[in-house]
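**Q** below is the sequence, then the predicted model.
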Amino acid sequence: MSRIDYEQRVEMIKTLREMGVDPYPPDVKPDYAVSEITENADAYMGKTVSLAGRIYSIRFHGKLAFADIRQNGFQIQAMFRKDIMGDEPYKFLKKYVDKGDFLWIKGEVIRSKRGELSILAAEIRLAAKAMYDLPHEWFGIEDMRTRYRQRYLDILINKDSFDVFVMRSRIVSGLRRYLEDMGLMEMETPVLQPVYGGASAKPFKTHVNAIDRDYYLRISDELYLKRLIVAGYDGVFEVAKDFRNEDIDTTHNPEFTMVEIYKAYVDYNDMMDMTEGLIRHLAETNGATTVTIGGKNIDLTKPFRRVKMLDMLAEKGITDRTTDEELKAMLEKYNLKLPAYNRGQALGKLFEKLCEDELVDPVFVIDHPKETTPLCKIHRSDPSLVERFELYIGGMELANGYSELNDPQLQEHLFREEAERRDLGDVEAHEYDEDFIEALRWGMPPTGGVGIGIDRLVMVLTQKDSIKEVLLFPMMAPINAENHEN
RNA sequence: GGGCCUGUAGCUUAGCUAGGUAGAGCGAUCGGCUCUUAACCGAUAGGUCAAGGGUUCGAACCCCUUCAGGCCCGCCA
């Protein structure tokens, strides 16, 4: 594609160099951030300051010009008067400075006749030249392919995108601060694991040359964090990138971020309290306690309901009187596949199918059948269940937590059952992790744990209905060299 | 994996179920303008209509294939 702007800029840069003007000078030093001036306009009024930023718009009126200068999310208007800055600099501005360029300006802080906070340029300096025209902010960039593949352009042009990732950053730092204030420590555990565990998912496989072994990218860091509880740290967490080799859609990306949190001497009830407190705190500090996502209104201010999974199934007519044959027929009807039937997993699948979408306002679904996970403590009052919770918001699963299983013999037994299920063809059954069981044999205190999907949490708090909107660089198929022209 | 929709200038798009030289706004370039902020006025340039193949005298348009994306469904967080 011919871009005349690009070719013109190539020429212009050549000319600038011949004139002795460096289009990419190394020593541009503004005295003030734009935000400092805009946030304290009155204090700086009449003072001479220097600042720098990108030109988003420039409007010439003969011997007068206005530009919008933006830096780090803050914008200020620059005013250029030929009689103040001089003929040559004004001519230079008109001829060699374009929208999209970075400009350094020194001048007096004033207000224009219309009252707009401005810096009246006495001196200017080209800080960095751009080679493309900046697309007009008014129209924005709407094409998803451009927005996701050239995210820097999306963020540059679309203010909403800029703000989403500011919010994401604040949410994650707020989360870390909240957990640290609770006395928890962030730990870093391996991304490359010889045995993948902690969740049901298909992994990415890789090979470690140094020891000539196949490794996996982690699907979870649960089993490592629990080893750290064994090790004697009573509260740990990790904001972790996890990797699952599954489909890409509006709520799934192959790499995603999950915070897992483990704390000794608490159970799943305590972890629900903590999860709820954390999410409400993040909602309040990011100014959105009632949100709309995908047309659904969600109220984060009310206490999160806690409902037993079996009670929700009972509302759908599935009770302990429902026979296995009837359950199998229902699985068939909804096209749900279980490599090897067992009642607990069947109930879990049917729950997801029948109930999940209805869970708009935050709700903890608790007390799952024990076959749904091998890492959770058996329920203190019903041996067919486990002390597990899942938090749903807006029809999405946002968090999953347990009273952690710390009985090494039972853990070994449950892992063997998972192994049998693998042999029957369940590719998502947990791998047998001998090293983890060995750790449990040394003794793990009673522990509560939870994993919270950060991307989905950010979706809720920023009111976005696609995970791609909250991932800086969502996974996209690479553009074929034959089709690629820019 | 199944269904529906989309891809036209740097950006936003019209034209596609009437097959007949591809149009606009913004942006760019040149000129004018001392208070604009989607600035304005005048002129100019800018297109392999996602890619490939077919039908046709003639294809952005009809057909086939491919690529990329979106939405819904199925499966996993």
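**A** Perfect, thanks for sending it.

**Q** all helices of the stretch 251-400 of chain A, in order?
**A** Listed in chain order, the helices of the stretch 251-400 of chain A (DSSP state H, counting those that start in this stretch) span A:268-285, A:309-315, A:324-333, A:343-354.

**Q** let me know which of those helices is the nearest to RNA strand B.
**A** RNA strand B lies closest to helix A:343-354 among these, at 5.9 Å (CB to the nearest atom of the strand). Placement of C-beta: from N, CA and C, glycine included.

**Q** mind listing what's buried along that closest one?
**A** By neighbour count on 16 or more other CB atoms under 10 Å, the buried set for helix A:343-354 is A:Arg343, A:Gly344, A:Gln345, A:Ala346, A:Leu347, A:Gly348, A:Lys349, A:Leu350, A:Phe351, A:Lys353, A:Leu354.

**Q** so which of these are also by RNA strand B?
**A** Near RNA strand B, judged by CB under 7 Å from any atom of the strand, the entries from the buried residues of helix A:343-354 are A:Lys349, A:Lys353.

**Q** flag every residue of the stretch 151-300 of chain A that's near RNA strand B.
**A** Within reach of RNA strand B by CB under 7 Å from any atom of the strand, the stretch 151-300 of chain A has these residues: A:199-201, A:244, A:246-247, A:249-254, A:256, A:294.

**Q** just the element for A:Gln8, please.
**A** helix A:4-18 (DSSP states H and E).

**Q** for A:Phe351, give me its contacts.
**A** By CB atoms under 8 Å, 6 or more residues apart in numbering, A:Phe351 lies in contact with A:Met309, A:Met312, A:Leu313, A:Val365.

**Q** cutoff 10 Å now
**A** A:Phe351 makes contacts with A:Met309, A:Leu310, A:Met312, A:Leu313, A:Lys316, A:Ile318, A:Val365, A:His368, A:Pro369, A:Thr372, A:Glu390, as judged by CB atoms under 10 Å, 6 or more residues apart in numbering.

**Q** A:Arg280 too?
**A** By CB under 10 Å, 6+ apart, the neighbours of A:Arg280 are A:Thr289, A:Leu300, A:Thr301, A:Lys302, A:Pro303, A:Phe304, A:Pro362.

**Q** would you reformat these as a markdown table and include pLDDT?
**A** A markdown table is the format used below for the contacts of A:Arg280 (pLDDT from 0 to 100):
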| residue | pLDDT |
| --- | --- |
| A:Thr289 | 87 |
| A:Leu300 | 91 |
| A:Thr301 | 89 |
| A:Lys302 | 91 |
| A:Pro303 | 94 |
| A:Phe304 | 95 |
| A:Pro362 | 93 |
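
**Q** most surrounded residue in the residues you listed?
**A** Within these, neighbour counts (other CB atoms under 10 Å) peak at A:Pro362, which reaches 25 neighbours.

**Q** find the closest residue to RNA strand B in the stretch 201-350 of chain A.
**A** Nearest to RNA strand B, among the residues of the stretch 201-350 of chain A, is A:Phe256, at 3.6 Å (CB to the nearest atom of the strand).

**Q** the strands in the stretch 151-300 of chain A, which residues?
**A** With strands called from DSSP state E, counting those that start in this stretch, the stretch 151-300 of chain A shows them at A:185-186, A:192-193, A:205-208, A:213-217, A:235-243, A:255-264, A:290-293, A:296-299.

**Q** which strands or helices does the helix or strand containing A:Ala52 pack on?
**A** Using DSSP H and E, the element containing A:Ala52 is strand A:48-61. Packing partners of strand A:48-61 (3 or more CB pairs under 10 Å, 6 or more residues apart in numbering; DSSP states H and E): helix A:34-39, strand A:64-71, strand A:74-81, helix A:87-96, strand A:102-111, strand A:117-128, helix A:151-157.

**Q** just send the helices of the stretch 251-400 of chain A back as CSV, with mean pLDDT too.
**A** Output for the helices of the stretch 251-400 of chain A, formatted as CSV (pLDDT from 0 to 100):
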stretch, mean pLDDT
helix A:268-285, 96
helix A:309-315, 91
helix A:324-333, 84
helix A:343-354, 88
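
**Q** let's have the ones you listed in a markdown table, adding distance to A:Pro194.
**A** Putting the helices of the stretch 251-400 of chain A into a markdown table (distance: least, CB to CB, whole Å) gives the following:
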| stretch | distance to A:Pro194 |
| --- | --- |
| helix A:268-285 | 28 |
| helix A:309-315 | 34 |
| helix A:324-333 | 34 |
| helix A:343-354 | 27 |
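
**Q** residues near the closest residue to A:Phe436 other than its chain neighbours, how many?
**A** Take A:Phe436 and drop its neighbours on the chain: the residue closest to it by CB to CB, 6 or more residues apart in numbering is A:Leu223, 4.7 Å away. By other CB under 10 Å, the residues close to A:Leu223 number 24.

**Q** residues touching A:Leu223, list them.
**A** A:189, A:193, A:195-199, A:375, A:430-431, A:433, A:435-437, A:439-440.

**Q** do A:Leu405 as well
**A** Contact analysis of A:Leu405 by CB under 10 Å, 6+ apart lists A:226, A:373-378, A:386-387, A:411, A:414, A:440, A:444, A:447, A:449.

**Q** change it to 7 Å
**A** For A:Leu405, the contacting residues are A:Leu375, A:Cys376, A:Lys377, A:Gln411, by CB atoms under 7 Å, 6 or more residues apart in numbering.

**Q** buried subset of those residues?
**A** Neighbour-count burial within the contacts of A:Leu405 applies to A:Leu375, A:Cys376, A:Lys377, A:Gln411; the criterion is 16+ other CB under 10 Å.

**Q** now, among the residues you listed, which is nearest to RNA strand B?
**A** Distance to RNA strand B, by CB to the nearest atom of the strand, is smallest for A:Leu375 among these, at 11.9 Å.

**Q** grab the nearest non-local neighbour of A:Arg416.
**A** Nearest non-adjacent residue to A:Arg416, counting by CB to CB, 6+ apart: A:Tyr432, 7.0 Å away.

**Q** so is that neighbour in a helix, a strand, or just coil?
**A** coil (DSSP: H, G, I helix; E, B strand; the rest coil).

**Q** tell me the pLDDT of it.
**A** We have a pLDDT of 91 for A:Tyr432.

**Q** cool, A:Asn483 as well?
**A** Here the pLDDT value assigned to A:Asn483 is 35.

**Q** the helix ranked longest in chain A vs strand A:235-243, what angle?
**A** Longest helix of chain A, by residue count under DSSP state H: helix A:159-181. Per axes from the mean of the first three to the mean of the last three CA atoms, to 10 degrees, the angle that helix A:159-181 makes with strand A:235-243 is 150 degrees.

**Q** looking at helix A:159-181 now, give me its mean pLDDT.
**A** Averaged across helix A:159-181, pLDDT comes to 96.

**Q** now do stretch A:54-67
**A** Averaged across stretch A:54-67, the pLDDT comes to 96.

**Q** what about the closest residue to RNA strand B within chain A? Give its phi and psi, please.
**A** Scanning chain A for the residue nearest RNA strand B gives A:Gly62, at 1.9 Å (criterion: CB to the nearest atom of the strand). Note on A:Gly62: its backbone torsions stand at phi 70, psi -110 [degrees, to the nearest 10].

**Q** now do the contacts for A:Pro25.
**A** By CB under 7 Å, 6+ apart, the neighbours of A:Pro25 are A:Ala127.

**Q** swap in 10 Å and give it another go.
**A** Contacts of A:Pro25 (CB under 10 Å, 6+ apart): A:Trp104, A:Arg125, A:Leu126, A:Ala127, A:Ala128.

**Q** might you enumerate the residues of the stretch 301-450 of chain A proximal to RNA strand B?
**A** Residues of the stretch 301-450 of chain A lying near RNA strand B (CB under 7 Å from any atom of the strand): A:Tyr334, A:Asn335, A:Leu336, A:Lys337, A:Lys349, A:Glu352, A:Lys353, A:Met396, A:Glu397, A:Asn400, A:Glu428.
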